[in-house]
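**Student:** Quick one, structure for this:
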Amino acid sequence: MAPDNDMRAALPEAPQPSETARKKALARALGRFDEKNSKTRQGKGRETRLMQQTANYTRPQRRFSMLHARPAIAASLVFLIAGSLTWVYMNEAQLWRRAEPAISDNRTSIGVPPVATPGEMFPTKPKPDAPATVTEAAPPPAKPEQDALAESRPQSAEQFRMKRSGGLSGQLQEAPAAGRAIGGYGYNSAIPEPMPPAEPIGRDQFENVTQNVFKIVREAPVSTFSIDVDTASYSFLRGSLARNVLPQADAVRTEELINYFPYDYKAPSSADQPFSTNVSVFPSPWAEGRKLVRIGIKGYEVQAAQRPRANLVFLIDSSGSMDGPNRLPLVKQSLSMLIDQLDPKDRVAIVTYAGDAGTVLEPTEAKEKSKILAAINQLGAGGSTAGGEGIRQAYALAEQNFDANGVNRVILATDGDFNVGITDHDELKSYIERERGKGVFLSVLGFGMGNYNDALMQTLAQNGNGAAAYIDTINEARKVLVEESTSTIFPIAKDVKIQVEFNPATVTEYRLIGYETRLLNREDFNNDKVDAGEVGSGQTVTALYEIVPVTGPRVNEDLRYGAAPAPATSPTTPNNGEYGFVKIRYKLPKSDTSNLITVPIDRASEVASFDAAPEDARFATSVAAFGELLRGGKYTGKFGYDDVLKIGQAARGADPFGYRSEFLGLVRAAKTASGMPPLQ
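**Tutor:** Okay, the predicted model is just below:
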């Protein structure tokens, strides 16, 4: 049977020929070659074969073709080649596996294995005396390969930052050298330094609130709420529009937009009665037949010579989520500016928290500015967020240095991402309420966008007798901590509540614009145990009501079986000419007993046209309308952004810091902003 080379090559395994068999096969092949070519051995066509000299014969110059060898020789060559290819493949596969951690391309994100480069497939061993380069790796470590890889390259950007972070001080340790090869091989595949994570999108948390509705005066004549001087919503809105994205509806708290701006209300003359009141009534610009009631109060401004000492504890979030230019670096700039506003006798301490919490600076007098600034500037971000433990330590430090005649306040700077320690909002709320009762207040400065926990920040600030501000730019930091530093730090009154009783003889319906998160029960007004808002030195607070006079277009129809509306009475009848009656309760900072201020909403406060209303009232109305539009425009009818611009431009007035001009720019930005953030 003739030999079949293809069949022999296809066999799974063939025995390795012995040396004797190999020699016999070679001798037979040479003999057949000679026999075949014996007739032409002396002619031109004579074929020769080359043989090496052996013990039996000399080396004649003869050539032979391997194609004429016996099948056993061909099988031997096949197995030799197959073995060589197997060895190369196994080594290449091992190098490929080693190279994978150092390769970063888009294939891995969709499940396609990365392609190794020629330098990775066939590593070149460095010469013994050659200097090390980025393509020549150090000898393999003694540890297992997986351990060496884990040490040479963290598996995420946050792990890389944590490895470089020096604890609370945040000092950078030596980073891995750029271009270092891994696994002890010299292939040209350097480890790239991980880039900081992209700013997250759409994970901001806001309390879901229901917008205030029109109430019928006959059914619910009394409206009660805690005043609010927070401004976080406005600056968050601005940061969102800077990205060309409209803020989500729950992020818009209309009262915070209104109170972002100072208003020119008459100031009180004495700290004994720390508020002046300002009431005006004018037609609504978006609903014919309705009216707006503006209630404004102005806080007493404490003079520098009368200002109490400050015992401040900066509680700074230094966790990994604060790693970004608009987060921890902005915190450090902001607090550095605040240090310049303090009196030399004020005291400052610093507590930071990441995976755990610790004191970076013990209570230090503000005159030691360089020491305080050095402690701030050394901070770095990394780790998880043990915010609850940080709050505990900050309050403990404030109590250790408690000043009975001064202001004792914790100032929290964070994005609100608490994921270690106390994370339950109710538990945090109860703890802060107890500390508030000891005389230590809490203010909150929010930073960052994309994962900002506004709901938690509001809970902390409202229950800590402090304000919540959101710092999106260095200019906002200057506004809050430089231009308004005294109002941010030094309160003139606490537990400030407003209650308005509407007159059913003149008003049929009313709606409070904003303050949804500050509503109180009617009986809470006279209860001094119920917490309310805090007003700082020189602050202004504004509230707007939209009312429907008895002759105006009603929102709610009469019930079929309900009582008939009260008949309209003559404005000359005592009290019947009033639209309502305002009552304000407050406590002085060191008192637990409230005081009362009252003022009527009467015809003397009313003007016949919107254009005749006070300039500040008209500008506040434009801001309120903007907030209402961003929340869906449920009660503003056909009123639009152009109408807001028209009113705001006409009522801009004196604008020394440019806040009102900036507002008009935000309205223009909202006209073209996207409803949702772009995909990344």
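**Student:** Outside of stretch 260-276 itself, which residues are in contact with it?
**Tutor:** Contacts with stretch 260-276, where a contact means CB atoms under 8 Å, 6 or more residues apart in numbering, come from 231, 234-235, 278, 296-302, 306, 492-493, 535, 538, 540, 542, 584, 586, 588, 595, 597, 616, 619-620, 623, 653-654, 659-660, 663. From N, CA and C alone the C-beta is placed, and that goes for glycine too.
**Student:** Now the buried members of these.
**Tutor:** Burial by neighbour count, judged by 16 or more other CB atoms under 10 Å, picks out 231, 234-235, 278, 296-302, 492-493, 535, 538, 540, 542, 584, 586, 588, 597, 616, 619-620, 623, 660, 663 from the contacts of stretch 260-276.
**Student:** What is the neighbour count of R434?
**Tutor:** 12 (other CB atoms under 10 Å).
**Student:** Doesn't it belong to a strand?
**Tutor:** No: read with DSSP: H, G, I helix; E, B strand; the rest coil, R434 is helix and lies in no strand.
**Student:** do you know how far it is from S622?
**Tutor:** 42 Å (CB to CB, to the nearest Å).
**Student:** what's the answer for S280, then?
**Tutor:** Relative to S622, and taking CB to CB, S280 is found at 15 Å.
**Student:** Between those two, which is the more surrounded one?
**Tutor:** S622 (24 against 18).
**Student:** Need the per-residue pLDDT for the more buried one.
**Tutor:** Listed pLDDT for S622 reads 98.
**Student:** quick check: domain ranges of this protein?
**Tutor:** According to automatic domain parsing, the chain comprises the domains 1-36+56-123, 130-141+148-184, 274-298+491-556+570-639, 311-489.
**Student:** Out of these, which gets the lowest mean score?
**Tutor:** domain 130-141+148-184 (a mean of 38).
**Student:** V541 pairs with what?
**Tutor:** I297 (DSSP bridges).
**Student:** tally of neighbours for the nearest residue to T414 once chain neighbours are set aside?
**Tutor:** In space, and not counting its chain neighbours, T414 is closest to D317: 3.6 Å by CB to CB, 6 or more residues apart in numbering. For D317, the neighbour count with other CB under 10 Å is 28.
**Student:** now D317: how far from V348?
**Tutor:** 17 Å.
**Student:** give the contact list for D230.
**Tutor:** D230 sits in contact with 253, 256, 259, 458, 461, 467-469, where contact means CB under 8 Å, 6+ apart.
**Student:** rewinding a little: quick one: which of the contacts of stretch 260-276 sit in strands?
**Tutor:** 278, 296-299, 492-493, 535, 540, 542, 584, 586, 595, 597 (DSSP state E).
**Student:** For the helix or strand containing R392, which helices and strands make contact with it?
**Tutor:** If you go by DSSP states H and E, R392 is part of helix 387-400. If you count contacts as 3 or more CB pairs under 8 Å, 6 or more residues apart in numbering; DSSP states H and E, helix 387-400 packs onto strand 310-317, strand 347-353, strand 357-365, strand 407-414, helix 425-437.
**Student:** can you list contacts of the longest one?
**Tutor:** Okay, so that is helix 425-437. 388, 391-392, 395, 418, 422, 442, 455-456, 459-460, 463-465, 531.
**Student:** returning to what we had before: how about the contacts of D230 in a markdown table, adding distance to L342, secondary structure and neighbour count?
**Tutor:** Formatted as a markdown table, the contacts of D230 follow (distance: CB to CB, whole Å; DSSP: H, G, I helix; E, B strand; the rest coil; neighbours: other CB atoms under 10 Å):
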| residue | distance to L342 | secondary structure | neighbour count |
| --- | --- | --- | --- |
| R253 | 30 | coil | 29 |
| E256 | 26 | helix | 26 |
| N259 | 25 | coil | 26 |
| Q458 | 27 | helix | 25 |
| A461 | 21 | helix | 26 |
| A467 | 18 | coil | 29 |
| A468 | 21 | strand | 25 |
| A469 | 18 | strand | 27 |
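**Student:** ok, so of those residues, who is nearest R218?
**Tutor:** When these are ranked by distance to R218 (CB to CB), R253 comes first, at 29.3 Å.
**Student:** I figured that closest one was touching T231, is that so?
**Tutor:** No: R253 sits out of contact with T231 when judged by CB atoms under 8 Å, with a separation of 9.6 Å.
**Student:** can you pull the contacts of the closest residue to T506 other than its chain neighbours?
**Tutor:** For T506, ignoring the flanking residues on the chain, the nearest one in space by CB to CB, 6+ apart is Y579 at 5.3 Å. Counting by CB under 8 Å, 6+ apart, Y579 makes contact with 281, 291, 293, 502-503, 506-507, 547, 549, 601-602.
**Student:** next one: phi and psi at Y579?
**Tutor:** phi -80, psi -30 (degrees, to the nearest 10).
**Student:** which residues touch stretch 641-660?
**Tutor:** 260-261, 264, 285-286, 479, 483, 615-616, 618-619, 621-623, 625-626, 629, 661, 663-664, 667-668, 670-671.
**Student:** Got a PyMOL select line for the buried ones in the residues you listed?
**Tutor:** Those of the contacts of stretch 641-660 that count as buried under 16+ other CB under 10 Å are selected in PyMOL with:
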select buried, resi 260+261+285+286+479+616+618+619+621+622+623+625+626+629+663+664+667+670
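**Student:** From the contacts of stretch 641-660, which land in helices?
**Tutor:** 615-616, 618-619, 621-623, 625-626, 629, 661, 663-664, 667-668, 670-671 (DSSP state H).
**Student:** Let me know the closest of the contacts of D230 to K24.
**Tutor:** Distances from K24 to the contacts of D230, taken by CB to CB, are shortest for Q458, at 96.3 Å.
**Student:** Wait, that closest one touches A469, no?
**Tutor:** No: shown here, Q458 and A469 do not form a contact pair, counting by CB under 8 Å, at 11.5 Å.
**Student:** any residues in contact with both of these two?
**Tutor:** In contact with both Q458 and A469: 230, 232, using CB under 8 Å, 6+ apart.
**Student:** Was I right to think K634 contacts N212?
**Tutor:** No: using CB under 8 Å, K634 is not in contact with N212; the gap is 10.2 Å.
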